[in-house]
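Asker: could you work out the structure for the sequence below:
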Amino acid sequence: MKQLLVKKVDYYGDETAAITLESEKTSIEVFCHLGNYQEGDKVENLLHPLEVDFKSAYLSDWPDELKKEKSQERLNKSGPYAYSGCGKVIDKENNIIEVCGFRIELNDSTYCDSIEFEITRLDLW
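Answerer: Sure thing, here's the model as predicted:
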């Protein structure tokens with residue numbers, strides 16, 4: 001599994017930080033509590049949402065062209081540490097998706113190949 005690069009760490013308070021992580025495709029800002037990270041560190045590529053809503057990006061009986069369109073990978077920042085988008089399920093047994101080079105562990109089973117999601121806060125543990 002490829003690691004993520006810690007590009008920036010903004011500590012606020014004694015135990016929390018906003019951390020900018022970089023994959024091979026893009027950068028995102030995540031929340032971290034009780035972490036001891038520094039710029040330049042490499043971290044495991046597995047992030048955790050505080051809360052997430054997700055659904056299949058398409059239904060099985062849709063035309064292939066529409067499935068391809070609806071399953072386009074995307075990651076949009078929707079608030080502080082919050083993201084929405086569409087990712088590919090890469091590990092159904094462990095409920096892990098990948099989007100723009102970031103792996104995210106979901107809190108519930110996934111039974112499809114691509115999902116649309118809304119994450120209220122994305123965390124680095």
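
Asker: and the gap between the residue lying closest to residue 79 once chain neighbours are set aside and residue 91?
Answerer: Spatial nearest neighbour of residue 79, excluding adjacent residues (CB to CB, 6 or more residues apart in numbering): residue 120 at 7.9 Å. C-beta: built from backbone N, CA, C; applies to glycine. As judged by CB to CB, to the nearest Å, residue 120 and residue 91 stand 22 Å apart.

Asker: between these two, which one's more packed in?
Answerer: residue 120 (15 against 12; other CB atoms under 10 Å).

Asker: quick one: the strands in the chain?
Answerer: Assigned by DSSP state E, the chain shows strands spanning 4-12, 16-22, 27-33, 42-43, 48-49, 52-56, 74-79, 82-91, 96-99, 102-105, 114-119, 122-124.

Asker: can you redo those strands as a markdown table with mean pLDDT and distance to residue 64?
Answerer: Putting the strands of the chain into a markdown table (pLDDT from 0 to 100; distance: least, CB to CB, whole Å) gives the following:
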| stretch | mean pLDDT | distance to residue 64 |
| --- | --- | --- |
| strand 4-12 | 96 | 33 |
| strand 16-22 | 97 | 34 |
| strand 27-33 | 97 | 30 |
| strand 42-43 | 97 | 37 |
| strand 48-49 | 97 | 30 |
| strand 52-56 | 95 | 15 |
| strand 74-79 | 97 | 19 |
| strand 82-91 | 97 | 16 |
| strand 96-99 | 97 | 21 |
| strand 102-105 | 98 | 26 |
| strand 114-119 | 97 | 13 |
| strand 122-124 | 98 | 31 |
